[in-house]
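[1] Compute the structure for the input listed below.
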Amino acid sequence: MKQSPKVVKAYQNLEFLKSTDARTIRLLSEYQEPLTRLKKYKVNNTVLFFGSARANPENGETVLSRYYWEAEELAFLLAEWAIKLKHNGKNFVICSGGGGGIMEAANRGANRAGGKSIGMNISLPFEQAPNPFISPELAFEFHYFFMRKFWLVYKARAIVAFPGGYGTLDELFEVLTLTQTEKIDRRDICVMLYGEEYWREILNLEALVKHKAIAEEDLELFHYCSTPLEAFQFLKARLEPHLKTAAEIIKDDES
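    This is a model prediction of the structure:
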């Protein structure tokens, strides 16, 4: 007697799921799975750290290695403060892009404070391994850059841009553009450029005002700080008004 063929269900068909035709399903997965997991672990909002992956303290005393340890200290201060809030879930959770350098420093500082932290890694041809200080249950790996960028920013109530290169500049200017165009309400997010000396050497944003490429008030979309304590005090004052009730958070996620 002839046996019936074994039929594979569509959602178990790996050949199909990895195909071009299933790209929309993969995109939806990179939206829905982080949403589900962040809700499961009651992450209400985050503080996002940008910065150079090349800031490695093992390279000796360099400008970038100094910023590594200052990022670690700032993340420690923020996490230590946030842990004590106990306000309907986890608020102001330290989040990074999941790799090395400044990203590692941010997760490391949160880990030293005994707090959870998020790492949102991206799969690259040259492997970017997740750093060891990310909380395992909050470690994400994205294929699509734009989905990773969405999740890096979506729950952020503050963004701290440490010295970095092309990737840091890309992420920084995207956030400033979204804020300038009111796709992100400027009242909902605080952007800090950490290391005023570095950033003023790299960016002459006042020249954009001079040439009327931006309005003068667009310079108010960010704030400079240059020490961990100064940055912590500024961020703390800006973040406290964002504490929400659980009901408000659920309403936001459903809208």
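[2] Let me know how buried residue 62 is, in neighbour terms.
    Residue 62: 13 surrounding residues under other CB atoms under 10 Å. For glycine as for every other residue, the C-beta is placed from the backbone atoms N, C-alpha and C.
[3] Tell me the spacing between it and residue 130.
    Here residue 62 is placed at a distance of 24 Å from residue 130 (CB to CB, to the nearest Å).
[4] Tell me where the stretch 101-250 of the chain is predicted with low confidence.
    By pLDDT under 70, the weakly predicted segments of the stretch 101-250 of the chain are 127, 244-250.
[5] quick one: the helices in it?
    With DSSP state H, counting those that start in this stretch as the criterion, the stretch 101-250 of the chain has helices at 102-112, 145-154, 166-180, 196-202, 206-210, 228-239, 246-254.
[6] what's the offset of the second one from the middle of its chain?
    Meaning helix 145-154. Remark: helix 145-154 is offset 8 Å from the chain centroid, using CA atoms, centre = their mean, to the nearest Å.
[7] Equivalent analysis for stretch 6-24, please.
    Stretch 6-24 has its C-alpha centroid displaced from the chain centroid by 31 Å (CA atoms, centre = their mean).
[8] list the buried ones in it?
    Using 16 or more other CB atoms under 10 Å as the test for burial, stretch 6-24 gives residue 22.
[9] what about the closest residue to residue 134 other than its chain neighbours, how many neighbours?
    Among residues not flanking residue 134 along the chain, residue 119 sits closest, at 3.4 Å (CB to CB, 6 or more residues apart in numbering). By other CB under 10 Å, the residues close to residue 119 number 25.
[10] which ones are touching residue 119?
    For residue 119, the contact set (CB atoms under 8 Å, 6 or more residues apart in numbering) comprises 95-99, 103, 107, 130-131, 134, 138-140.
[11] beta partners of it?
    Here residue 119 sits in beta bridges with residue 96, residue 139, as judged by DSSP bridges.
[12] ok, it to residue 67 distance?
    Residue 119 is 19 Å from residue 67, by CB to CB.
[13] for residue 87, same thing?
    Note on residue 87: its distance to residue 67, by CB to CB, is 30 Å.
[14] And these two? Which one has more around it.
    A count of neighbours by other CB under 10 Å puts residue 67 above the other of residue 87 and residue 67, at 22 against 14.
[15] Next, the angle from the helix or strand hosting the more buried one to helix 228-239.
    According to DSSP states H and E, residue 67 maps onto helix 63-83. Angle, helix 63-83 to helix 228-239, by axes from the mean of the first three to the mean of the last three CA atoms, to 10 degrees: 40 degrees.
[16] Pull out the buried residues from helix 63-83.
    Across helix 63-83, burial judged by 16+ other CB under 10 Å covers 64-65, 67-68, 70-83.
[17] cool, stretch 175-185 as well?
    Using 16+ other CB under 10 Å as the burial criterion, the residues of stretch 175-185 that qualify are 175, 176, 179, 180, 184.
[18] what distance separates the start and the end of that stretch?
    With CA to CA, to the nearest Å as the measure, stretch 175-185 spans 11 Å from end to end.
[19] What lies in contact with it?
    Defining contact as CB under 8 Å, 6+ apart, one finds that stretch 175-185 is touched by 153, 159, 186, 189, 191, 214, 218, 221, 222.
[20] Excluding chain neighbours, what is closest to the fifth one?
    So that's residue 191. Leaving aside its chain neighbours, residue 191 sits nearest to residue 222 (4.2 Å; criterion: CB to CB, 6+ apart).
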